[in-house]
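Chemist: predicted structure and sequence below. I'll ask about it afterward.
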Amino acid sequence: MDDIKELVIDIKSPETFVNNILDQIDEDSDWPLAVNPALIVDMNNYNECVNRGRNVVEMIVERDLYALNILDFGCGDGLVATEMFSRGASSVIGYDIQKHRFWRETEELTLTTDWSEVVSGAPYDFILLYDVIDHIMDEEPHQILSKLKNLLAKDGIITLRCHPWIARHGAHLYTQMNRAFLHVLFTQEQLERRGLNPTPTRKVVHPIFTYNKWIEKAGLKVVKEEKIVEPVEDYFTNNELLKSIIQKHYVDSHLKEYREGRGDLSKILSFHFVDYILKK
Ligand SMILES: C[S@@+](CC[C@H](N)C(=O)[O-])C[C@H]1O[C@@H](n2cnc3c(N)ncnc32)[C@H](O)[C@@H]1O
């Protein structure tokens, strides 16, 4: 808190002040971390990504994958799909809009950017969207969910991990600068000036409301909803300047109390992820 308290003195222009704070965040800063450093995976290291793939499946996939036909939508490096295949699935397709250099296919494990291959592999018993839906910028999320619903087997399920923009690590800046809420508190321009490039992310400021709207519009039903939350530090909620910058993201909120600055920001800022199990 000390570095901000000192800077708060004599502020004439909040914009200049905010730019100054970003320049002053260094290793010694009190600014809270976005992610526990022990949990950050080096995405260029193949073995670390293999381990991450295993951990993701262990954490998020609650069902036996034996003999299932599976789609990993937005599969990234393909190592979650590979791990699911190694657990006895009969066939796994990993689909993404871009190829990844870690992709290694086998006869029953397809990694592809070709949507027609996904369609011809349907129906799927299990579809995974892990940290994808918030990062889809070229189509509406409910349309993607609706397309996937049509590819689902009668008793199939979709597991959806949402990673809201308003989360402390929502735009994945932590591999570049591991400090919480940078993408919420600074503009794209300010971040870029500092050499930081956030992952393109939809601006979700009321996670549960927005995700439920996408799911409902897609005609899917919620079997389970789990919020992964952790209390946010006072550092953000006790500082009037930081609070006022966060508050600006709520000017168009559908909730009157948030529009008028009376909403519970601590609650909203505590979201890390929201996990869903969905069915037709
Ligand atoms: C944060 S990464 C997550 C990747 C992977 N699920 C994982 O956890 O390792 C988001 C992924 O969504 C992919 N993506 C973005 N838009 C997409 C779209 N319209 N269709 C499929 N994948 C998309 C990106 O290319 C990227 O690989």
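Modeler: Everything's here; your move. Being a predicted model, the structure only gives us computed values, none of them experimental.
Chemist: mind listing what the residue of the stretch 1-150 of the chain found nearest the ligand touches?
Modeler: Minimum separation of the stretch 1-150 of the chain from the ligand (C-beta to the nearest ligand atom) falls at Gly76, amounting to 2.7 Å. Heads up, the C-betas are built off the backbone N, CA and C, glycines and all. With contacts taken as C-beta atoms under 8 Å, 6 or more residues apart in numbering, Gly76 has the following neighbours: Asp96, His100.
Chemist: doesn't it lie inside a helix?
Modeler: No: read with DSSP: H, G, I helix; E, B strand; the rest coil, Gly76 is coil and lies in no helix.
Chemist: buried sites along the longest helix seen in the chain?
Modeler: Of all the segments assigned as helix in the chain under DSSP state H, the longest by residue count is helix 46-60. Counting neighbours by 16 or more other C-beta atoms under 10 Å, one finds that the buried residues in helix 46-60 are Cys49, Arg52, Gly53, Arg54, Val56, Val57, Ile60.
Chemist: need the contact partners of it.
Modeler: Surrounding helix 46-60, the residues in contact under the criterion C-beta under 8 Å, 6+ apart are 41-43, 77, 79-80, 82-84, 87, 102, 128, 130, 159, 161, 275.
Chemist: show me which residues of this protein sit near the ligand.
Modeler: For the chain, the residues in contact with the ligand (C-beta under 6 Å from any ligand atom) are 74-77, 80, 96-98, 130-132, 135-136, 138-139.
Chemist: rerun at 5 Å
Modeler: Taking C-beta under 5 Å from any ligand atom as the contact definition, the chain meets the ligand at Gly74, Gly76, Asp96, Ile97, Gln98, Tyr130, Asp131, Val132, His135, Ile136.
Chemist: any stretches of the stretch 151-280 of the chain with poor pLDDT?
Modeler: Low-confidence segments of the stretch 151-280 of the chain, defined by pLDDT under 70: none present.
Chemist: just the strands in it please.
Modeler: If DSSP state E, counting those that start in this stretch is used as the criterion, the strands of the stretch 151-280 of the chain fall at 152-162, 221-229, 271-279.
Chemist: the first one - contacts with which helices or strands?
Modeler: Applying 3 or more C-beta pairs under 8 Å, 6 or more residues apart in numbering; DSSP states H and E, one finds that strand 152-162 makes contact with strand 124-130, helix 141-149, helix 207-217, strand 271-279.
Chemist: deepest-packed of those, please.
Modeler: Neighbour counts (mean count of other C-beta atoms under 10 Å) averaged over each of these peak at strand 124-130, with a mean of 24.
Chemist: emit the PyMOL select command for whichever of the contacts of helix 46-60 are buried.
Modeler: In PyMOL, this line selects whichever of the contacts of helix 46-60 come out buried by 16+ other C-beta under 10 Å:
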select buried, resi 77+79+80+82+83+84+87+102+128+130+159+161+275
